[in-house]
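Asker: below: sequence and its predicted model.
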Amino acid sequence: TFTTTGTGTWTAPACVSSLTVECWGAGGGAGGDGGDPGGGAAGGGGAYSSSVLSATSGTVYNLFVGAGGVAGNNSNGGNGGDSWFVNSTTVMAKGGGGGNGENQGHVSGLGGAAAAGYGTIKFSGGSGGASAFGTACCGNTSGGGGGSSAGPSSNGNNGTNGALNSTPGTGGVAVAGGGAGGNGMGNGGITNPGNPGAAPGGGAGGGQDHSQGAVGGRGQVKLTWTIATFTNKTATICSGETFAVTPVSGTGGDNFSAGTTYSWSTPAVTGGITGGSSQTGQSSITETLFNPSATEQTATYTVTPSCASCTLPVTVTVNPIPALSSTLTPTGICSAGTFNYTATSATPGATFAWARSTITGITEAGTNGAGNISETLTNTTTSSISVPYTFTISANGCSSVQTVTTSVSPYPTATISGTVTKCLNDANP
């Protein structure tokens, strides 16, 4: 809250997402009485204006807090100063008008007008009360009560008029968030000045005979902002999958305005990851990434939310699709021999599951197992038979299916044909 009158500045902090600006115009000063037979008229209360604006982190914004109207001394009270943010046409609240002095007409100052200000929400200040105008000296006239300033939800209240016989006007009662108007003076004496208006923006009360007025309450500029917060995000996918990161406000430490979109540049990657690109205005952070290597790799995004000027880091771990590094076509065996196969993968931690269907011509029924293969295969035919094994390779939640095929050759058989003549007791040929 800025209360020092005059020019000021505000620097938007990092990750500011929205800014509520509230301005109160200053109260008008009360007029002064230079002699018989009247008191001073009261000042009007300052107006109120507010708007919700966007702000950029690190930007310096100008503002101005209006000063209360000066007290009149046989003259009119001064008008209250306007208060504004950025400039007088972005968010601005008008100050209250100054009250007349005795010789200037005894007319009270009007409240700052909402219509003359700038903002989404606007209310007017209350008007000051007029002073009494008597016909004789001394002390039988009194000052009016100052108008109260407007607040965030209502107009200010008017002050009452001063009366003869030294009955002073009463300052307007303060509304929520506003400043009260100053009471007028009129206690049967002379040279009794009015009461100043309360900050923010209360109009000053008028003085009695032969007295000066009082000053209006200063204005005010109040800034309330929301810091958008985003926690670091991570995602883990398998190569070729699509990741999606969608922050949810109020969950996991995130806090930001509805409708936030996200933009990012091409991610920094390891291991030759592909698929990353720059995007703008997206409702979530999502892309399809490919890891061509056999080991875990990462893609790091620097994301800028639309509701803040800070960045949101998103790190995506892309696990490889594990594959067999061992041969897919191992050397075949002869019928009734043992087929041994050691499965290996370049992906650390890979596990292996395999299955073989029942094959016509192979005596052994279909089977399955995990890890390496060691089994006897018998070929009942006279031709070589291909025997495929279906491998499922898994690592880090990712998997692939590959086929390892061996062959089983039959035993050769001899065929004897022709006629042999032998004599008894001849040796075998």
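Answerer: Structure's in. What do you need?
Asker: from T231, how far out is the residue sitting nearest the centre point of the chain?
Answerer: In the chain, the residue lying closest to the centroid (CA atoms, centre = their mean) is F256, at 2.6 Å. F256 sits 11 Å away from T231 when distances are taken as CB to CB, to the nearest Å. (Glycine included, C-beta is placed from N, CA and C.)
Asker: ditto for G8
Answerer: 34 Å.
Asker: give the contact list for the residue nearest to the centre of the chain.
Answerer: Contacts for F256 (CB atoms under 8 Å, 6 or more residues apart in numbering) come out as S17, A228, T229, F230, P247, S249, P305, C307, A308.
Asker: and what of W10?
Answerer: F2, V60, Y61, L63, L223.
Asker: what is the neighbour count of the first one?
Answerer: The reference is to F2. By other CB atoms under 10 Å, 19 other residues sit near F2.
Asker: tell me how far it lies from C23.
Answerer: F2 is 10 Å from C23, by CB to CB.
Asker: go on, the last one?
Answerer: Using CB to CB, one obtains 10 Å as the distance from L223 to C23.
Asker: any shared contact partners between those two?
Answerer: Common neighbours of L223 and C23 (CB under 8 Å, 6+ apart) are F85.
Asker: which of those two has more neighbours?
Answerer: Neighbours per residue, other CB under 10 Å: of L223 and C23, the larger number sits with C23, 35 against 18.
Asker: moving C-terminal of the strand or helix carrying that one, what's the next helix or strand?
Answerer: In this assignment (DSSP states H and E), C23 forms part of strand 16-24. Next in sequence after strand 16-24, counting helices and strands by DSSP H and E, comes strand 48-53.
Asker: from the contact counts, what lies against that next one?
Answerer: Using 3 or more CB pairs under 8 Å, 6 or more residues apart in numbering; DSSP states H and E as the contact test, the elements touching strand 48-53 are strand 16-24, strand 91-93, strand 121-123.
Asker: can I get those in JSON lines with distance to A353 and mean pLDDT?
Answerer: Below are the helices and strands packed on strand 48-53 laid out as JSON lines (distance: least, CB to CB, whole Å; pLDDT from 0 to 100):
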{"stretch": "strand 16-24", "distance to A353": "51", "mean pLDDT": "91"}
{"stretch": "strand 91-93", "distance to A353": "68", "mean pLDDT": "98"}
{"stretch": "strand 121-123", "distance to A353": "67", "mean pLDDT": "98"}
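Asker: between those, which gets nearest to P388?
Answerer: Among those, strand 16-24 comes nearest to P388, with 59.7 Å by CB to CB.
Asker: what's that closest one packed up against?
Answerer: Checking 3+ CB pairs under 8 Å, 6+ apart, strand 16-24 ends up next to strand 48-53, strand 83-85, strand 91-93, strand 220-227.
Asker: as PDB, could you dump the C-alpha coordinates of it?
Answerer: Presented in PDB, the C-alpha positions along strand 16-24 are these (Å, rounded to 0.1, in the frame of the first residue of the first chain):
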ATOM      1  CA  VAL A  16       3.600 -12.200 -11.100                       C
ATOM      2  CA  SER A  17       0.500 -13.500 -12.700                       C
ATOM      3  CA  SER A  18      -2.200 -10.900 -12.000                       C
ATOM      4  CA  LEU A  19      -2.300  -7.500 -10.300                       C
ATOM      5  CA  THR A  20      -5.200  -5.800  -8.600                       C
ATOM      6  CA  VAL A  21      -4.900  -2.100  -8.500                       C
ATOM      7  CA  GLU A  22      -7.000   0.100  -6.100                       C
ATOM      8  CA  CYS A  23      -6.800   3.900  -6.000                       C
ATOM      9  CA  TRP A  24      -8.400   6.400  -3.600                       C
END
